[in-house]
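>>> okay, predicted coordinates and the sequence, questions at the end:
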Amino acid sequence: MKIVVTGLGATTPLGGTIRESWTALLAGESGASTLLQEWVAQNDLPITFAAQAKVPAHDVLPRVQTKRLDPSSQFALIAAREAWADAGSPEVEPERLGVDWATGIGGVWTLLDAWDTLRERGPRRVLPMTVPMLMPNGPAAAIGMDLHARAGSRTVVSACASSTESIANAYEHIRSGLADVVIAGGSEAAIHPLPIASFAAMQALSKRNDDPAHASRPYDLSRDGFVLGEGGAALVLESEEHAKARGARIYAEVIGGSVTSDAYHITAPDPEGSAAARAMREAIALSGGSITDVVHINAHATSTPVGDIAEYNALRRVFGDHLDNIAVSATKASTGHLLGGAGAVEAAFTVLALHERTLPPTINLVEQDPEIPLDVVTSPRPLGRGDALALSNSFGFGGHNAVAGFRTI
């Protein structure tokens, strides 16, 4: 059974829709900017910039919904509705429609705002919707209720690998006959003083407060950490038979996904990249092809000194000399790192790269690290003719590795 992508949606630091985000990505834009909120100075944050959603959720959703949803759920609903409309709002029995959604942190704004309310104003002022809003499964539930999806509304929480794992799960749920159509993806809304302070204390964030647009620079010798981002993306997956029966437009085939774990360290990746390499090999094996069929990779590439090299080691372990023939894009340079939503955004970009046969650029690469000799796409590049296989990589704290594969159709 072939599984295909028939709908895409997103709200990112580059644009309020998937098309706006894709256009800005190809134009080489950056979504990072200085944070103007009062809480930056109030908390004396050492990092004063991030990649905020280009279009605030309250500009899209009715006020009654924004009041009852954590920002992570707001982004999820916006992305899912766009993807659903893009797929043609397929008529499907609720019992055959599923949701596989992800987040890395969940409703952090709701949780911490409620804690402030409890401390400052007492328990009677804590909102009764606090727990439903802060639950990590809140975004999946919001989408499921909005689209009446009753084949399951599942949530993955595996740090920055989360939404790629959700795509892998969605593929398996359709393949195993549990659903005909699944909305998969992920969202995150963690541009909050506490996550910023914590990531900064870990030395994980870029310190380029004076130059946010050039702060995320994967593979560059001067890279010094990632840029925190927010938003989300959704993909509508269904069997090729189901899609063709309703005359749907098909973007690409999903060849499947693989999930492994390092069992090495809670935050640092295994420098040898053996488990990450196994995830890539298993994803390729699901396609029935070989490593030489892979022509493009949207890399995890967070712009951290250690992480970028670890991923390179994993890539070289898998592809050997063929890696020199693979065009690599590191789109976090433009979007920042959306944590649990990153994989879904990058998967959507990978699907569009195949569908439009245009590989997106990696911005801010000035002096490439000689220890990472990849063919990095630095300006939009034609994909060329013929069948093409592409991977989207995601790796997260806890040693989580997830890889999704896509093929032209």
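Nice, thanks for sending it over.
>>> sticking with the residue nearest in space to the middle of the chain, tell me its helix or strand.
The residue lying closest to the centre of the chain (CA atoms, centre = their mean) is Ala342, at 2.1 Å. Using DSSP states H and E, Ala342 sits in helix 342-356.
>>> buried residues, that helix. List them.
Across helix 342-356, burial judged by 16 or more other CB atoms under 10 Å covers 342-355. From N, CA and C alone the C-beta is placed, and that goes for glycine too.
>>> pull the distance from that helix to the chain's centre.
9 Å (CA atoms, centre = their mean, to the nearest Å).
>>> after the strand or helix carrying Trp101, which helix or strand is next?
Per DSSP H and E, Trp101 falls inside strand 97-102. Next helix or strand after strand 97-102 toward the C-terminus (DSSP H and E): helix 108-121.
>>> surely His337 and Glu188 touch.
No. The criterion here is CB atoms under 8 Å, and His337 misses it with Glu188 at 9.1 Å.
>>> common neighbours of the two, please.
Counting by CB atoms under 8 Å, 6 or more residues apart in numbering, the shared contacts of His337 and Glu188 are Gly229.
>>> could you tell me how many residues sit around Pro361?
By the criterion of other CB atoms under 10 Å, Pro361 has 22 neighbours.
>>> do Asp116 as well
10.
>>> can you tell me how far it is from Leu69?
Using CB to CB, to the nearest Å, Asp116 is found at 19 Å from Leu69.
>>> domain-wise, how is this protein divided?
Domain segmentation of the chain under automatic domain parsing yields 3-245, 257-407.
>>> take the ones you listed and lay them out in JSON lines including mean pLDDT and distance to Tyr251.
Formatted as JSON lines, the domains of the chain follow (pLDDT from 0 to 100; distance: least, CB to CB, whole Å):
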{"stretch": "domain 3-245", "mean pLDDT": "97", "distance to Tyr251": "4"}
{"stretch": "domain 257-407", "mean pLDDT": "96", "distance to Tyr251": "5"}
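>>> and the closest residue to Gly15 other than its chain neighbours, which helix or strand is it part of?
In space, and not counting its chain neighbours, Gly15 is closest to Ser21: 3.9 Å by CB to CB, 6 or more residues apart in numbering. Following DSSP H and E, one finds Ser21 within helix 18-26.
>>> how far out from the middle of the chain is that helix?
15 Å.
>>> contact partners of it?
Helix 18-26 is contacted by residues 8-12, 14-15, 31, 54, 79, 82-83, 86, 233, 331, 334-335, 345, 348-349, 352, 358, 360-361, 380 when judged by CB under 8 Å, 6+ apart.
>>> buried residues in it?
18, 20-22, 24-26.
>>> who does the spatially closest residue to Ala159 that is not a sequence neighbour bridge with?
Nearest residue to Ala159 in three dimensions, chain neighbours excluded: Gly396, at 2.9 Å (CB to CB, 6+ apart). In this entry, Gly396 is beta-bridged to His400, by DSSP bridges.
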